[in-house]
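Engineer: Take this sequence and fold it.
(4 chains)
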Amino acid sequence: MSYLLSATCAVPAAGAVLTAALPAGTTEARRRTTKTVALAVSVLTLGLAAAVAASFEPGGARYQLTESHSWIRSFGISFSLGADGIGTALVLLTAVLVPLVMLAGWHDATGPVSGSAAGSVPEGSFESKRRTQAFFALILAVEAMVLVSFLATDVFVFYVFFEAMLIPMYFLIGGFGDRAGGPDSDRQRSYAAVKFLLYNLLGGLVMLAAVIGLYVVAADQGQATFSLTALTDAISSGKLVIDPNAQRALFLGFFFAFAVKAPMWPLHTWLPNAMGESTAGTAVLITAVVDKVGTFAMLRFCLGLFPDASKTFAPVIMVLALVGIVYGALVAIGQKDIKRLVAYASISHFGFIILGVFAMTSQGQSGATLYMVNHGISTAAWMLVAGFLISRRGSRLIADYGGVQKVAPVLAGTFLIGGLATLSLPGMAPFVSEFLVLVGTFSRYPAIGVVATFGIVLAALYALLLYQRTMTGPVKAGVEGVKDLKARELAVVAPLVALTLLLGVYPKPLTDMVNPAVNDTLSQVHRTDPAPAHPVAATNGGEQK
Amino acid sequence: MNSLIPLLVAAPLAGAALLLLGGRALDRFGHWIATALAALSFAFGLALFADMLGRDAEHRAVTEQLYSWIPVDGFQADVAFQLDQLSITFVLLITGVGTLIHLYSVGYMAHDERRRRFFAYLNLFLAAMLVLVLADNYLLLYVGWEGVGLASFLLIGFWQHKPSAATAAKKAFIVNRVGDMGLSIAIMLMFVEFGSFAFQPVFATAGDASEGKLTAIGLMLLLAACGKSAQVPLQSWLGDAMEGPTPVSALIHAATMVTAGVYLIVRSGAIFNLAPDAQTAVVVVGAVTLLFGAVVGCAKDDIKKALAGSTMSQIGYMIMAAGLGPIGYAFAIMHLVTHGFFKAGMFLGAGSVMHGMNDEVNMRHYGGLRKYMPVTFATFGLGYLAIIGFPGLSGFFSKDKIIEAAFAKGGTEGWILGLCALLGAAVTAFYMTRVMVLTFFGEKRWQPDAEGNDPHPHESPKSMTVPMVVLAFGSVFAGGLFVYGNSFLHWLEPVTGHAEGDSPLSPWTVTGLATACMLAGAALAWQMYGRSPVPVKPPVGSLLTRAARRDLLQDDFNHAVLVRPGTALAATLVWFDSRGLDGFVNGLAAAIGGISARLRRIQTGYVRTYALSMFGGTLVLVASTLLMRSV
Amino acid sequence: MTSTGEAVQFWVLAVVAVGGALGMLLMKKAVHSALCLAATMLALAVCYMAQGAVFLGVVQIVVYTGAIMMLFLFVVMLVGVSAADSLKEQLKGQRIAAVLCGLGFGVLLVAGLANAHLRDFTGLSEANAEGNVQGLARLIFTKYVWAFEVTGALLITAAVGAMVLTHREKVRAPLTQRQLAAQRVKDNIQVPPLPAPGVYARHNAVDVPALLPDGTVAEDSVMGTLRERGQVRDVSQEMLQRMAELEETTADWLGRPSSARPQVTGPRQALETVPTKDKEEAE
Amino acid sequence: MNPANYLYLAALLFTIGASGVLLRRNAIVLFMCVELMLNASNLALVTFSRMHGNLDGQILAFFTMVVAAAEVVVGLAIIVSIFRTRHSASVDDSNLMKL
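Structural biologist: The predicted structure follows:
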């Protein structure tokens, strides 16, 4: 039993404790040590994640590097981890993004809470002394919990960390904002934080009930365990038969939590507030990492544990996702606030992911998994550049910008790249995943596929409208002072852009990693891809020659 | 030899990357790097062409597999190039004209501080366009398809500080996106139908599919073509696209990119041949657009917009020809190539005129320029003769063939199409003569520009005139070269196939009619603009004229039907999101808060009240337990 | 079944106990309640002994009635012997609810007991074979030793806690008499010493305030605690009465016309109460 | 006589004590009522031990007494300190236990 996975999860956790314990950052030097330590820890985590990916054989068993430490014997709960293709991909995403987020938020946690609160935090008070430690420790804590959720092969363990994630996120949202808010930005932010917490807590509690219910049902049939692998095996082998009604109820219990987290229309309203009020880095953590746990869990738990119920509800869910795609895009077009626009764009993208998951075709689900990764990268690039812009101008309103490309061409360029990635331009990573999702959906539900295709037009509309309004045209008053990207910020954006292009041109490594897991999932739900009506001869242009 | 094919794409791509990442260091000589790489790519093209000539017709098509792009079970998308007669034709056109226009831009953009980026975008465009024509499957074609869209977006909006330019760029991209939607749906249909979207397998098995499916695919492809080639109803972006620098208009919006739609339809001939309804749709679109564009071209005073209208109409010809099926494919491509020459030449000429006239675009402020810029006049004139189909020049042959093919379609629709084509020829002659006369003949109507300094028209530098001359040669001789022994037809036949229709009219009759129409149109234009002095302020004009000046109200239509409802819908949804959904959530929270505020009253703080409740509670508990016992 | 003697004893004691309890419940003054409770406890102590719990009986008398109840009485003294509850209940419905609950509870308990069949009794004869105390000791120091230790700890804690709660930190050194005098002169409220209580040649009790020349009481001649408890015995009225009678008789004897007789005026307003500072010192 | 009467007596006393807690406002009297309740339970315990013929009941009663003593000590201390600060021993005067 290798301890690689638990090490990967433990390092950031330990790092969080260490960072929090560092001497209070009254001086800039101390702050820097804190940041450096945190960054080093996250980079170390990235190294471990890379090791995980390296030691993962696509051809091998679904769950690899598995390890299990007994926890609560009497309930058959064990702290068991295992990496499958999907999980590994997302672990990599998380490990890559966290250092960049830290680097992007390098100065977010030094000053007072926000512009309006300036001076409200007396120098030397806890607020201003420990802010830096708190910020970076919280980020590391989030990373650790997310990693565990991606790797957990025990339903209970997953639930615990799925919920525990909320605590550091709550403080990240509520305690640290960009300095661009209005006069009552503090109130707004705490409102957003509480909203985030309550929404997700509600979902989590419903899920808890479902988790317990699942255990009870399983225990009745002699499967008294929370182990995901054991349960799925029992279900697929027919040793464990959950009667349809119970199965539907349990499915809904799980799905509700994930749909809130994802978030799926109409449970999305917490996301714009949370992303709008928090710092750009936190917003990236929310949309690119934490929310992915939701969609990921749909794929791993909902489908794996309740195949029949998933099939029953798939059409409904897909329609909701479809609404989300169009709705999110349209609302994004109508936004006045840059970060809220990005948030609604993300809602639209989550619609695509859910679409792909429940289309239950190999293209759809591989596409959905790739989509999680690609959306994470591209949105991170877009959002972080937006954050840099906002931190310069001190406003989130689109109307306050104009002609930025004149004064800060590199910033404008990267922002454009982020936008193009978001509208999934071919040659960039999101295109691959989006097209796969569309094809996968279309091959089972043509009508939904066609409507979803409208999403690409709307995406172009909001992305380019934002670019046009902020970057082009004559230079607006107040924008002249905007400086171009600094070295640190370039160091943040460059890797993201590089990844976007690389994964757009050569996604094969990722797909090879993901495909087996997807096929396994499909076999769990007993679904096979619809065969083409008039299949071409085997040697089509697609085969590798 | 095939290993050259990727290099064909790689060269300009490398140029783009180099120039974009290179930074200010490359500002001084970056444009020469770009031009050199374009030329290199052209050289590769020539080499491959020669190599292809060396083989016999059956073995000319080669495919070059690079790597597997998106391998998912049952879904294989590869990066693979296919070089056959059709694609090599385009390769040569793109790289050739592209190189010339690079050269031209060196002079034209000399004073722009962002020249490096301009050339990077040009290279990017070349690369994308080459991917488009070289792809061996529709998904890779889609990559090029949107890639050229991106390049066009960047280049139209190159002068981003002008809001009009930024808006035009966005508009072009969005409208193209609508077309791209069609293409992607078509790809999905193919995948569902055939389990593949690579050219050979799909075309090979197209016969098995039901005609309905094929029609659907065809219509979706047509939608894509409409978007990219500015055909009705997705034509509205081309006029605004003239906001871009003139070389861009010449390369992208005249010679190459806008003709991608024609390429798509001709390439997908195997599908269209089996879907007559789709073909009819194509023909109708083409015919409508060719008249639409011509009418718009007649009314515009902006020289570039007039040329844009004519581009639209010429592409209408091509699309119509492509819609005629095997009868027309080859001719569509032929006209595409010749049009590439003369229209690019004329745009460059227009650019040179603007260059000399302080970027003045209004033809009513030109006049009598032939003395001042002789080379421009000569090249532009040759292009003019070519496009109106003056006997012996390239446009004459290619357009003539299309008109013949239209009649050869046979039946009433044959007649209708033929007459449309003839009418188009007449109108083309009219507005091109108008442009020619207004610009180069008549008395001077020059106006001081915004800064108030009068224009001093002068001939453009060598780097600009040389390409114009070369293109002029092309526009003179290309046609004759192609029809000589039907060389072009036989060249393309293995790819597109060919069929002789039964024309009700003999070729010579058609030629006569076409020439007559051309002369009539030209004469009318001379009558209107050559004889009488031209007012500097445009006359009010008839209803049709005014409509045509507003692009036949296409923008107003889109605005009324799409934009305004769209914005309204977005606003409504924003309201609904904050008031409706979020309002519900917040309302729930408020309700709970209120209830708990009520419940708080129970906490009187009097110990004895608490004691009482405790005692009562115990009472109830004990009672219930006892009852349970007794029951 | 038990002996008649015990039966008699029980009924007597039961009456005493219940009576005491009710008394405790109904007496207005805390002192009386305490005494009633003491009675009940004594009765219960006897009950214990009667039931073979000799040791407990003794403990009950010594510890409870002897120590705890005394403690109660001390506190009562501290807080005020005659400080009585006002009879009006200010919590609405509390009284009725309480009575109902009480009755209901009693009924329940009694019903429960009645339902339980408690016929067979194994007396303590063999359990107490070697003596009650020895038996208890054996259990305490073997079976319940752990609980015993814990209760010991509890007692210690309680004692410390009580000290902590009642102990008041002296924030400033106590003022000397000189300082007090200086202070009194400085804030010039009551420069001369406070008047002594008692009315010369009539009363000398501390709870009788001195009378001012106009016959009103000098509140601050009575110690603060008594004032706090409202135990000041005001005798001004009868004094004035007597003065009036004296005037009458003298007037009659001199035969003055009633017009010339001085009107007896009632006592003026009492002085406003002395400032709180002094009051605290008085406590 | 049936020794169960002792239990009835205990029940009666307990009830009286309980109602006393609810009725009286003087903290000291309140305490006395609590004591009464404890005593009642003690009586019951003693009776039980007599029923079962073992001394455990008495042991329990003994512990009850100890705990009661401790409780009284602390409780009275609290009452005294409250009286010091608020010059009143009525439980209704100290109703700060609310928002």
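
Engineer: Model confidence score at B:L324, please.
Structural biologist: The confidence metric pLDDT takes the value 90 at B:L324.

Engineer: dump the residue contacts of the residue sitting nearest the centre point of chain C.
Structural biologist: With distances taken as Cα atoms, centre = their mean, C:V76 lies nearest the centre of chain C, 2.9 Å away. Residues in contact with C:V76 (Cβ atoms under 8 Å, 6 or more residues apart in numbering or on different chains) are C:30-31, C:34, D:28. Backbone N, C-alpha and C define where each C-beta goes, glycine included.

Engineer: which parts of chain C sit against chain B?
Structural biologist: C:91, C:94, C:97-98, C:101, C:104-105, C:108, C:111-112, C:115 (Cβ under 8 Å from any Cβ of the partner chain).

Engineer: May I ask which of those has the most neighbours?
Structural biologist: Using other Cβ atoms under 10 Å in any protein chain shown as the neighbour test, those are led by C:A98, with 24 neighbours.

Engineer: Give me the next element, helix or strand, following the helix or strand containing that one.
Structural biologist: Using DSSP states H and E, C:A98 sits within helix C:94-115. Counting by DSSP H and E, the element after helix C:94-115 in chain order, helix or strand, is helix C:132-142.

Engineer: Quick check: mean pLDDT of that next one?
Structural biologist: Confidence for helix C:132-142, expressed as mean pLDDT, is 91.

Engineer: what about that helix, distance to the chain center?
Structural biologist: 37 Å (Cα atoms, centre = their mean, to the nearest Å).

Engineer: Equivalent analysis for stretch A:229-249, please.
Structural biologist: Centroid separation for stretch A:229-249 versus its chain: 29 Å, with Cα atoms, centre = their mean.

Engineer: Can you name the residues in contact with it?
Structural biologist: A:63, A:82, A:153, A:155, A:210, A:213-214, A:217-218, A:221, A:223, A:225, A:250, A:304-309, A:312-313, A:523-524.

Engineer: where does the stretch 301-450 of chain B have low pLDDT?
Structural biologist: Nowhere does the stretch 301-450 of chain B drop to pLDDT under 70.

Engineer: Can you give me the end-to-end span of stretch A:58-70?
Structural biologist: One end of stretch A:58-70 to the other measures 28 Å (Cα to Cα, to the nearest Å).

Engineer: does chain B sit close to it?
Structural biologist: No - no part of stretch A:58-70 sits close enough to chain B to count as contact by Cβ under 8 Å from any Cβ; the gap is at least 11.4 Å.

Engineer: any idea of the mean pLDDT for that stretch?
Structural biologist: Average pLDDT, stretch A:58-70: 87.

Engineer: before we move on, what about stretch C:89-102?
Structural biologist: On average, stretch C:89-102 scores 83.

Engineer: pretty sure B:P233 is touching B:L222, no?
Structural biologist: No - using Cβ atoms under 8 Å, B:P233 is not in contact with B:L222, being 11.2 Å away.

Engineer: Between the two, which is the more surrounded one?
Structural biologist: B:L222 (29 against 17).

Engineer: Which other helices and strands does the helix or strand encompassing that one contact?
Structural biologist: In this assignment (DSSP H and E), B:L222 forms part of helix B:211-229. Judged by 3 or more Cβ pairs under 8 Å, 6 or more residues apart in numbering or on different chains; DSSP states H and E, the packing partners of helix B:211-229 are helix B:138-156, helix B:163-194, helix B:260-267, helix B:269-273, helix B:276-299, helix B:303-323.

Engineer: how about a cut-off of 7 Å?
Structural biologist: helix B:163-194, helix B:260-267, helix B:269-273, helix B:276-299, helix B:303-323 (3 or more Cβ pairs under 7 Å, 6 or more residues apart in numbering or on different chains; DSSP states H and E).

Engineer: May I see those organised as a markdown table, with distance to B:G147 added?
Structural biologist: Below are these laid out as a markdown table (distance: least, Cβ to Cβ, whole Å):
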| stretch | distance to B:G147 |
| --- | --- |
| helix B:163-194 | 11 |
| helix B:260-267 | 11 |
| helix B:269-273 | 23 |
| helix B:276-299 | 24 |
| helix B:303-323 | 20 |
